[in-house]
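Asker: I need the structure of the sequence given here:
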Amino acid sequence: PPVEAEGCLIEAAVNDALSDTYAAARALLAARLDSITLADLAADFSRRLAAHPKRDLLHAHQRKSDAP
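Answerer: Numbers count the residues shown, from 1 in each chain. Okay, here's the model as predicted:
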């Protein structure tokens, strides 16, 4: 989104020149976010975790805190 500095003529000119670009960027981002599911993120995370060289150590601190 544009930066707002009240009274700055340069900023006003830039914001006006880019207003269509800002609107298109917002629409593109919203459309992309609508297409990403939690299942997509979970699958990507699982793939990355399986490939991580230190995957057994990543959450070792959580296992320790879960112990009685």
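Asker: Point out where this protein drops to low pLDDT.
Answerer: 1-3, 57-68 (pLDDT under 70).
Asker: Please enumerate the helices of this protein.
Answerer: Listed in chain order, the helices of the chain (DSSP state H) span 9-35, 38-51, 60-66.
Asker: For the first one, buried residues please.
Answerer: Read that as helix 9-35. Going by neighbour count (16 or more other C-beta atoms under 10 Å), the buried part of helix 9-35 is N15. In short, each C-beta sits where N, CA and C put it, glycine included.
Asker: Does that helix pack against any helices or strands, and if so which?
Answerer: Other helices and strands packing on helix 9-35, by 3 or more C-beta pairs under 8 Å, 6 or more residues apart in numbering; DSSP states H and E, are absent; none qualifies.
Asker: How far away from the center of its chain is that helix?
Answerer: Taking C-alpha atoms, centre = their mean, to the nearest Å, one finds the center of helix 9-35 at 17 Å from the center of the full chain.
Asker: The second one too?
Answerer: Averaging C-alpha coordinates over helix 38-51 and over its chain gives two centres that are 16 Å apart (C-alpha atoms, centre = their mean).
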